[in-house]
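*Asks:* Give me a 3D structure for the following:
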Amino acid sequence: TLIFTSTPVGASVYLDDRYVGVAPCEVQGVGYGAHLVRAAKYRFAAATQVVRVGEPKVRVQLTLVPQGRGALRFEVQPEHVRVFLNGQSKGEAPLALTDLAPGKYEVRLEADWSLPWQGSVEVVAGQEVLVKRELESKTEAYLLAAIERDSGRIVNYYDLGHLYARLQRFDDAFKAFAKGFDACTGPDISTNEMRRLYDEFERIWDGQYNFANQATREGLHARLLTELDAAIQRQPRNILNYYLRSQFHEKSGDYKGASEVLERGWQAVKSRRGKLYLEHYLAYMRYNQGANLAKQKQYDEAFQVYESLVAAHPDAWYSRSALTQIAGLWQSHKNDYAKAVEAQQRFLRLYPDADECPGVVATLASLYQSHLKDPAKAIDAYRQYVDKYPDNDNSSAYLFSLAALYSQQPEGREKAVAACRELLARYPNSSN
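*Replies:* You can find the predicted model right below:
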């Protein structure tokens, strides 16, 4: 018979790996010889010893040493990762598991849209062990494999960049975008996919999707500019690099910087289509640069910008607007009506078929009549308007003005009468 007692009381007793009771307890019918005894109790280290039975009764004292406890703390990305310890669910990370016995544990991490991770973790008594992991996205794995298969599919780069930005893995996001920018070459690349790639990059600047707080997004602005500068160095003939770089300048109110970037692109790009594309935006930025200077009452600087735009890119649509602004500045802010007339006449010479021409001719007539006091030239301008734009809504009014001017001139009565008769013949229903 073996008589077991334990310190502390209540240890589970195992004889030759067979459970025999809780100490204190007795086990009868034990054969003579050596036997393996093991005692176990929660929060105590297991005690093992060999007992030799040579007498009818043998007393066995089992002493267990208190066991230190450990802890595991889980910091895992993305959110809502499920934690399993030795196959049992313990909840979602972030998670702290305390009061763990020292030893090796099997850990499995699972999350929707992510590949699972499994590994062993050693719990140490008196310590908290940190398990810090970032699960690989199933989407990420798919996109990386897709890029490996076909590096020319731009859609995969902007989807991957978007994914990394949402995960705030910004270095990886910028690497994905850089590879996408460099892939935007060749005749077979989809223009729509290229545009979407650059639009996605721009959304990081604007913060159009909630991937980070405002301070974090604004902190990325300098990095966005640096990445585009690097892309321009690698691919100096990719017009979208220059375009988006100029857009970032515009968003900051820096039209001069935007113009300089587009000027570099216009000089570097060789294709006619590319040059026309960049020239349009270059003219737009130059025009806005001039408008911004005029708004700040820096009129001389505004004149310089407008004039350089008209001289360098006379065929650009915004050059027309720049020339009308030049005329307006001479008239409204410099009170130099002769210069205003000169600018309006230059507009008519450069853009004789522009939709703005009727208004320009009418303005010339008004300048001659009201400011320069030159009725002869005013008469010529009104006559030009009536003859060239007879179907315009204002033609009858200007024909009436022409008759009035004739009537004010010496020996102009007959011409005034003729103009009135012309008015009645051409515009019988006119209120004039």
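*Asks:* mind listing what the most centrally placed residue in the chain touches?
*Replies:* The chain has I204 as the residue nearest its centroid, 1.8 Å off, counting by C-alpha atoms, centre = their mean. The contact partners of I204, taken as C-beta atoms under 8 Å, 6 or more residues apart in numbering, are A165, A173, F211, R217, L220, L224. C-betas here are computed from N, CA, C, even on glycine.
*Asks:* for those residues, which one is nearest N156?
*Replies:* Nearest to N156, judged by C-beta to C-beta, of the contacts of I204 is A173 at 13.6 Å.
*Asks:* Looks like the closest one contacts G161 (just checking).
*Replies:* Yes. In terms of C-beta atoms under 8 Å, A173 counts as a neighbour of G161; the distance is 4.9 Å.
*Asks:* Which parts of the stretch 101-250 of the chain are strands?
*Replies:* For the stretch 101-250 of the chain, the strands defined by DSSP state E, counting those that start in this stretch cover 103-110, 117-123, 128-134.
*Asks:* doesn't E106 make contact with E122?
*Replies:* No. Look at E122 against E106 with C-beta under 8 Å: they stay out of range, at 11.3 Å.
*Asks:* can I assume A71 sits in a strand?
*Replies:* Yes. If the criterion is DSSP: H, G, I helix; E, B strand; the rest coil, then A71 is within a strand.
*Asks:* which residues does it bridge with?
*Replies:* A71 forms beta bridges with E128, as assigned by DSSP bridges.
*Asks:* again with the one 4 residues further on
*Replies:* Partner residues in beta bridges with E75: K132, with DSSP bridges as the criterion.
*Asks:* Identify whichever of the strands of the stretch 101-250 of the chain lies nearest to Q289.
*Replies:* strand 128-134 (45.3 Å).
*Asks:* For the closest one, which outside residues touch it?
*Replies:* By C-beta under 8 Å, 6+ apart, strand 128-134 touches 70-78, 96, 107, 109, 117, 121-123.
*Asks:* Show the contacting residues for S407.
*Replies:* R413, A416.
*Asks:* Look up how far F211 lies from it.
*Replies:* 73 Å (C-beta to C-beta, to the nearest Å).
*Asks:* Could you tell me which helix of this structure is the longest one?
*Replies:* helix 272-295 (DSSP state H).
*Asks:* In terms of secondary structure, what does it contact?
*Replies:* When contacts are defined as 3 or more C-beta pairs under 8 Å, 6 or more residues apart in numbering; DSSP states H and E, helix 272-295 packs onto helix 239-251, helix 255-268, helix 299-312, helix 317-332.
*Asks:* Make JSON lines from the ones you listed and add mean neighbour count to it.
*Replies:* Shown next, in JSON lines, are the helices and strands packed on helix 272-295 (neighbours: other C-beta atoms under 10 Å):
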{"stretch": "helix 239-251", "mean neighbour count": "21"}
{"stretch": "helix 255-268", "mean neighbour count": "21"}
{"stretch": "helix 299-312", "mean neighbour count": "18"}
{"stretch": "helix 317-332", "mean neighbour count": "21"}
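*Asks:* wait, which of these is closest to T5?
*Replies:* helix 239-251 (80.7 Å).
*Asks:* Weed out the non-buried ones from the contacts of strand 128-134.
*Replies:* G70, A71, L72, F74, V76, Q77, V107, L109, W117, V121, V123 (16 or more other C-beta atoms under 10 Å).
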